[in-house]
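Peer 1: Let me see the structure of the following:
(2 chains)
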Number of protein chains: 2
Amino acid sequence: MKFYGYFRSSSSYRCRIAFNLKGVDYDFESVHLKQGAQKSPAFASLNPQKLLPALITDDGDELTQSLAILEWLDETHPDPALLPTDPLERARVRAFAQVIACEIHPLQNLRVLKYLSDEFGADAAATTKWLTRWLTDGLDACEALLAKRPRDSAFCFGDTPGLADVCLVPQIFSAQRFGVDISHLKRIADIHARCEALPAFADAHPARQPDFEP
Amino acid sequence: MKFYGYFRSSSSYRCRIAFNLKGVDYDFESVHLKQGAQKSPAFASLNPQKLLPALITDDGDELTQSLAILEWLDETHPDPALLPTDPLERARVRAFAQVIACEIHPLQNLRVLKYLSDEFGADAAATTKWLTRWLTDGLDACEALLAKRPRDSAFCFGDTPGLADVCLVPQIFSAQRFGVDISHLKRIADIHARCEALPAFADAHPARQPDFEP
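Peer 2: Presented below is the predicted three-dimensional model:
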């Protein structure tokens, strides 16, 4: 299996955590986002979106979109499970993951920040204000979804980490990187600390990737 | 089952198509997005994200995020299926749906367009340029994903409509509404026409909803 990612890409980070949790080995190919390597003809033919991550399976099939890759991984490597078995519980986990993947992440994407700078002249302060708005709105909603759980649990939706935790931890990394203060979100902070203590999460951290640049 | 939506919300439109395809009845509650009804305390307690859609099941459980609702619906009302059974094929369908739900839709959301206007002074031309960039990029990628299919089919990924079609048709409606020209996307145009000819899609159109306003 060949995985195309980048140390700082939070959607790549999600997949790395899941591979680690499931003990799945893969060859890693770094795609240097800051240098625009995702726009190369070779990568664009693999993923027409020119976005990370992408995966080539052992059978040579090409997969894109991190949430689709994560669900495929969970269906083909079911142990340990990233999703519960009950449809209602699955929907809660997926909704939480989608708050991050569909409402926060797209607005912090490199190409969007570049557009704001190029077209609207957004400076550092304006970019921080933009990021703060969407990260705070989204993570406040995540905290509220955790408060609505039928019971508290060590991880987002259970006693073991799952899809929601896999999406949450990279988003917290982004918040820290962008300097967005989320210290008021106590449930998220507790879960984040518990995840970071696990090797599957710690080993997936951007600073521990072969293509890391300080 | 009680469904909270709005005639023009494309994520609500996705759910309406799926309910129709599966023949699932529901009570409809309109949440007037343009008037900010999604920010009311009552709705915010149902969905802390203050976004549509939301669903209350017959058991009183609350669900949010359209893709999570659609997967829940497919798991609890499996006939006709929105997703294939093979994990690889499921991943392709989900990735296509996520191009729309994770990469296009968040950037055309009302709150984002309002931010561009309020904070960056975006006028109608600047807003159209923004929308054209993201809708064109995303739908070009969708067309390319269709070109990469192992075989052509009447609908996005099969001979019957599924999750990808359920997401595509509302996105085409948004492109038309925003005046974004996608006439060069021939596969999408063919599939769109085939979907629109089906009552499940036609009846879900914004213009046929009880809260429609011209």
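
Peer 1: domains for chain A, by residue range?
Peer 2: Structural domains annotated on chain A: A:2-80, A:87-201, as defined by automatic domain parsing.

Peer 1: And chain B, is the first one touching that?
Peer 2: Yes - using CB under 8 Å from any CB of the partner chain, domain A:2-80 comes into contact with chain B via A:48-51, A:57, A:59, A:61-65, A:67-69, A:71-72, A:75-76. (C-beta placed from N, C-alpha, C; glycine too.)

Peer 1: mind putting the domains of chain A in TSV, mean pLDDT included?
Peer 2: Below are the domains of chain A laid out as TSV (pLDDT from 0 to 100):
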stretch	mean pLDDT
domain A:2-80	95
domain A:87-201	97
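
Peer 1: Quickly note the distance from the closest residue to A:Val24 other than its chain neighbours to B:Arg177.
Peer 2: Take A:Val24 and drop its neighbours on the chain: the residue closest to it by CB to CB, 6 or more residues apart in numbering or on different chains is A:His77, 5.8 Å away. Distance, A:His77 to B:Arg177, by CB to CB, to the nearest Å: 42 Å.

Peer 1: And these two? Which one has more around it.
Peer 2: Using other CB atoms under 10 Å in any protein chain shown, the more surrounded residue of A:His77 and B:Arg177 is A:His77, with 17 against 13.

Peer 1: ok, that one touching A:Lys22?
Peer 2: Yes - A:His77 is within contact range of A:Lys22, at 4.8 Å (criterion: CB atoms under 8 Å).

Peer 1: Run through the strands of chain A in chain order.
Peer 2: A:2-5, A:27-30, A:54-56, A:62-64 (DSSP state E).

Peer 1: Please tabulate those in CSV and include mean neighbour count as additional columns.
Peer 2: Output for these, formatted as CSV (neighbours: other CB atoms under 10 Å in any protein chain shown):
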stretch, mean neighbour count
strand A:2-5, 22
strand A:27-30, 14
strand A:54-56, 22
strand A:62-64, 22
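
Peer 1: Using CSV, lay out the ones you listed together with distance to B:Ser30.
Peer 2: Output for these, formatted as CSV (distance: least, CB to CB, whole Å):
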stretch, distance to B:Ser30
strand A:2-5, 42
strand A:27-30, 48
strand A:54-56, 40
strand A:62-64, 36
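
Peer 1: now A:Ile188, nearest residue through space, not along the chain?
Peer 2: Distances taken as CB to CB, 6+ apart put A:Glu143 closest to A:Ile188, at 5.5 Å, once the chain neighbours are dropped.

Peer 1: should've said A:Ser153
Peer 2: A:Asp159 (5.7 Å).

Peer 1: Over to A:Asp74?
Peer 2: A:Leu82 (4.4 Å).

Peer 1: ok, the one you found - contacts?
Peer 2: By CB atoms under 8 Å, 6 or more residues apart in numbering or on different chains, A:Leu82 lies in contact with A:Ala18, A:Leu21, A:Leu70, A:Leu73, A:Asp74, A:Gly162, A:Leu163, A:Val166.

Peer 1: State the distance from it to A:Ser117.
Peer 2: Distance from A:Leu82 to A:Ser117, by CB to CB: 36 Å.

Peer 1: one step back: and the residue nearest to A:Asp74, how far from A:Arg14?
Peer 2: 10 Å.

Peer 1: Give the residues shared as contacts by these two.
Peer 2: Shared contacts of A:Leu82 and A:Arg14, defined by CB under 8 Å, 6+ apart, comprise A:Leu70, A:Val166.

Peer 1: what's around A:Gly162, how many residues?
Peer 2: Counted with other CB under 10 Å, A:Gly162 comes out at 26.

Peer 1: and what of A:Gly121?
Peer 2: 9.

Peer 1: show me the residues around it that make contact.
Peer 2: No contacts exist for A:Gly121 under CB under 8 Å, 6+ apart.

Peer 1: likewise A:Val180?
Peer 2: A:Thr128, A:Leu131, A:Thr132, A:Leu135, A:Thr136.

Peer 1: Which ones among those residues map onto helices?
Peer 2: A:Thr128, A:Leu131, A:Thr132, A:Leu135, A:Thr136 (DSSP state H).

Peer 1: residue boundaries of the helices in chain A?
Peer 2: For chain A, the helices defined by DSSP H occupy A:10-22, A:41-46, A:66-76, A:87-98, A:105-108, A:110-120, A:124-147, A:163-178, A:186-196, A:199-202.

Peer 1: Using JSON lines, lay out those helices together with distance to B:Ser183.
Peer 2: Conversion of the helices of chain A to JSON lines gives the following (distance: least, CB to CB, whole Å):
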{"stretch": "helix A:10-22", "distance to B:Ser183": "31"}
{"stretch": "helix A:41-46", "distance to B:Ser183": "22"}
{"stretch": "helix A:66-76", "distance to B:Ser183": "28"}
{"stretch": "helix A:87-98", "distance to B:Ser183": "31"}
{"stretch": "helix A:105-108", "distance to B:Ser183": "26"}
{"stretch": "helix A:110-120", "distance to B:Ser183": "24"}
{"stretch": "helix A:124-147", "distance to B:Ser183": "32"}
{"stretch": "helix A:163-178", "distance to B:Ser183": "36"}
{"stretch": "helix A:186-196", "distance to B:Ser183": "45"}
{"stretch": "helix A:199-202", "distance to B:Ser183": "47"}
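
Peer 1: So for B:Ser153, which of those helices sits nearest?
Peer 2: Nearest of the helices of chain A to B:Ser153, taken as CB to CB: helix A:66-76 at 18.6 Å.

Peer 1: Pull the closest one out as CSV, backbone CA atoms only.
Peer 2: Provided in CSV are the C-alpha atoms of helix A:66-76 (Å, rounded to 0.1, in the frame of the first residue of the first chain):
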residue,chain,number,x,y,z
SER,A,66,-9.4,11.1,3.9
LEU,A,67,-12.9,10.1,5.4
ALA,A,68,-13.5,7.7,2.5
ILE,A,69,-10.0,6.2,3.0
LEU,A,70,-10.7,5.9,6.7
GLU,A,71,-14.0,4.1,6.2
TRP,A,72,-12.4,1.8,3.5
LEU,A,73,-9.7,1.0,6.0
ASP,A,74,-12.2,0.2,8.7
GLU,A,75,-14.2,-2.1,6.4
THR,A,76,-11.1,-3.9,5.1
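
Peer 1: packing partners for that helix?
Peer 2: With contacts taken as 3 or more CB pairs under 8 Å, 6 or more residues apart in numbering or on different chains; DSSP states H and E, helix A:66-76 sits against helix A:10-22, helix A:163-178, helix B:87-98.
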